[in-house]
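>>> From the sequence below, what's the structure:
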Amino acid sequence: MLGSLIGAIIGEDIAESDGDNGAVGALIGVATVAVAKKIIPLALLGVGLLVAKHYYDKATAPAAV
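Numbering: from 1, shown residues only. Presented below is the predicted three-dimensional model:
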């Protein structure tokens, strides 16, 4: 709830500074927060999987001669 409110305020300020309607900016701000709530955990999961794969490949690589 608080994140949506902050996103709406920031979006409204950005839209008004451009001369656009503040309500449209507020909606864009709220939508951005909603999308970020879904994307950030998925991005962190992907990075974690890549790090785990790196260490797995390093542990199972044949020894250099």
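>>> Okay, now the unreliable bits of this protein?
1, 18, 20 (pLDDT under 70).
>>> quick one: the strands in it?
Shown for the chain, no strands are assigned by DSSP state E.
>>> Show me which helix runs longest in the chain.
helix 22-60 (DSSP state H).
>>> what's that helix packed up against?
Secondary-structure packing of helix 22-60 (3 or more C-beta pairs under 8 Å, 6 or more residues apart in numbering; DSSP states H and E): helix 2-17. The way it works is simple: take the backbone N, C-alpha and C, and place the C-beta from them, glycine included.
>>> now the helix it packs on, how far from the centre of its chain.
17 Å (C-alpha atoms, centre = their mean, to the nearest Å).
>>> contacting residues around it?
Contact with helix 2-17 is made by 21-30, 32-34, 37, as judged by C-beta atoms under 8 Å, 6 or more residues apart in numbering.
>>> Which among those count as buried?
Burial by neighbour count, judged by 16 or more other C-beta atoms under 10 Å, picks out 22, 25, 26, 27, 28, 29, 30, 32, 33 from the contacts of helix 2-17.
>>> any idea how far residue 36 is from the nearest residue to the fifth one once chain neighbours are set aside?
Put plainly, it is residue 28. Among residues not flanking residue 28 along the chain, residue 11 sits closest, at 4.8 Å (C-beta to C-beta, 6 or more residues apart in numbering). Distance of residue 11 to residue 36, computed by C-beta to C-beta, to the nearest Å: 13 Å.
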